[in-house]
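**Student:** Quick one, structure for this:
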Amino acid sequence: MPRSLESLSPADGEQVTTKNLVAALTAGRIVYDDGAEQVFDADGVTTYVERGHPTRGEWYVDSHGRFASFWPPSYRASYDLRWLVENGSIVGLRFTHAEDGSQFSGRYA
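**Tutor:** Numbers count the residues shown, from 1 in each chain. The predicted structure is shown next:
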């Protein structure tokens, strides 16, 4: 579990509250099921690396209190985040697209 999240004790699948979104996203590098990696900086910049190729975007908390991302020139998406917890430790995040319901998971590296 990332040190910055040690004070939290959510259940597996519990929604990440708006007040904890920044902490959840910036706690460390996230590795997705497909091997891609992503880092969320506290200043709203995000870097996604797939097969060694980095792409920079932006992230923010949208008007509905959800995690949202922007990838130039025009892609925007919002997600509900849920904690991925194993044996009482936060190990990652589950992302659910707010519009189409598609899901993916990532683990803190």
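
**Student:** Excluding covalently adjacent residues, which one is nearest to the residue nearest in space to the middle of the chain?
**Tutor:** Closest residue to the average C-alpha location of the chain: residue 25 at 4.7 Å, with CA atoms, centre = their mean. Once flanking residues are discounted, residue 25 sits nearest to residue 40: 4.0 Å by CB to CB, 6 or more residues apart in numbering. C-beta: built from backbone N, CA, C; applies to glycine.

**Student:** how close does the one you found sit to residue 22?
**Tutor:** 9 Å (CB to CB, to the nearest Å).

**Student:** neighbour count winner among these two?
**Tutor:** Taking neighbours as other CB atoms under 10 Å, residue 40 and residue 22 compare with residue 40 leading, 23 against 17.

**Student:** Remind me which helix or strand the nearest residue to residue 55 once chain neighbours are set aside belongs to.
**Tutor:** Of all residues not flanking residue 55 in the chain, residue 48 sits nearest, at 4.9 Å (CB to CB, 6+ apart). Here residue 48 sits within strand 45-50, counting by DSSP states H and E.

**Student:** hang on, the earlier thing: and the residue nearest to the centre of the chain, what does it touch?
**Tutor:** Contact partners of residue 25, counting by CB atoms under 8 Å, 6 or more residues apart in numbering, are 40, 59, 67, 81, 93.

**Student:** my read is it is in a helix, agree?
**Tutor:** Yes. Applying DSSP: H, G, I helix; E, B strand; the rest coil, one finds residue 25 inside a helix.

**Student:** Distance check, it against residue 52.
**Tutor:** Residue 25 is 23 Å from residue 52, by CB to CB.
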